[in-house]
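Peer 1: sequence? don't have it. structure:
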């Protein structure tokens, strides 16, 4: 891995400002996409009207589309993209491996199984999301327990344990698909697992926002200790870092983020794998610099992908398919350019 030289504040602030303005512009543009065209100026006016700054000159239908239909979905795309990118950056720095993604410890498979089980049992939407979140955490708990049973210190053992747990829950998902009703339940399970934000509501958004915000605060608070861990566990201990405790907190926070995302959006891959690579090319490997910029660029990236998915006049393509189609070739190019820095 490259040395952890600090990123120049002016350079980082410039990237953060540019990314923030880009996400804001994309945020406003996203409201104009859809079968019901709405100008960007009207979108701004709707938000200003909510602050009692302008008079209402549009129909109730326009306000309904902006605030209740497109608003939650657009906000969820930014939230999920930012959270997945932040979790990916955390895992990659923690395990010192550029090929680690948010689903490495089995959280995506566990959450997917929870959602599939909820759909099979006929649970309402919030029940499906809650079960997905809980089983995502259960999957990681199993991974940590299995890894610690063999070796408490080796991160490689933890990754292998994650692969085992992930394969187990993938098998359970396949089993549910076999016993599910092929006319009603199976299509719902299949499309949910492919990822998408078309069923997003304000209530679902708030439910995911709470654990993501808590986890984000933990990652922000530990950002400098992550840099210390990357320099080596022995060196971190000499600097007073409680390595097992910090590692466990990082895993729990990144896992909570990922489970909350999967619970509302299904399984959306490549965001947490691709975005941290792009960010490290811009600001270097320092986690304190990578974390905030990954969150911004990840949110903008997934929002752009979601805009492609819901272009008017086309059948909506699941996000998991689009992120793979776009992310896989792009990641191959990035990996070819940065392989000497990581391997």
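Peer 2: Perfect, I can see it now. Every value quoted in this text rests on a predicted model; they were computed, and no experiment measured them.
Peer 1: same question for the helix or strand hosting residue 320, mean pLDDT?
Peer 2: Following DSSP states H and E, one finds residue 320 within helix 319-342. Per-residue pLDDT over helix 319-342 has a mean of 77.
Peer 1: for it, the distance to its chain's centre please.
Peer 2: Distance, stretch centre to chain centre, for helix 319-342: 16 Å (Cα atoms, centre = their mean, to the nearest Å).
Peer 1: got it, and stretch 124-133?
Peer 2: Here stretch 124-133 is found 18 Å from its chain centre; the criterion is Cα atoms, centre = their mean.
Peer 1: Pull the residues that contact it.
Peer 2: Residues from elsewhere that reach stretch 124-133, judged by Cβ atoms under 8 Å, 6 or more residues apart in numbering: 111-112, 114-115, 117-119, 123, 192, 199, 201, 203-204, 207-208, 211, 259-260, 262-264. Placement of C-beta: from N, CA and C, glycine included.
Peer 1: Residue 85 reaches residue 271, doesn't it?
Peer 2: Yes: contact status for residue 85 versus residue 271: in contact at 5.7 Å, counting by Cβ atoms under 8 Å.
Peer 1: intersection of neighbour lists for the two?
Peer 2: With Cβ under 8 Å, 6+ apart as the test, residue 85 and residue 271 both reach 298, 301.
Peer 1: Find the residue ranges of the chain scoring beneath the pLDDT cut-off.
Peer 2: Scanning the chain for pLDDT under 70 picks out 1-8, 151-155, 312-314, 335, 337-343.
Peer 1: Quickly note the distance from the residue nearest the centre of it to residue 298.
Peer 2: Against the mean C-alpha coordinate of the chain, by Cα atoms, centre = their mean, the closest residue is residue 84 at 1.9 Å. Distance, residue 84 to residue 298, by Cβ to Cβ, to the nearest Å: 6 Å.
Peer 1: What's the local residue count around residue 119?
Peer 2: Per other Cβ atoms under 10 Å, the neighbour tally for residue 119 reads 24.
Peer 1: wait, doesn't the residue nearest to the centre of the chain sit right on residue 271?
Peer 2: Yes: proximity of residue 84 to residue 271 meets the contact threshold set by Cβ under 8 Å, at 4.2 Å.
Peer 1: Which neighbours do these two have in common?
Peer 2: Residues touching both residue 84 and residue 271 (Cβ under 8 Å, 6+ apart) are 298, 302.
Peer 1: Can you list the neighbours in contact with the helix holding residue 320?
Peer 2: Contacts for helix 319-342 (Cβ under 8 Å, 6+ apart): 1-2, 98, 193-197, 265-271, 273-274, 277-278, 280-281, 302, 305-306, 308-309.
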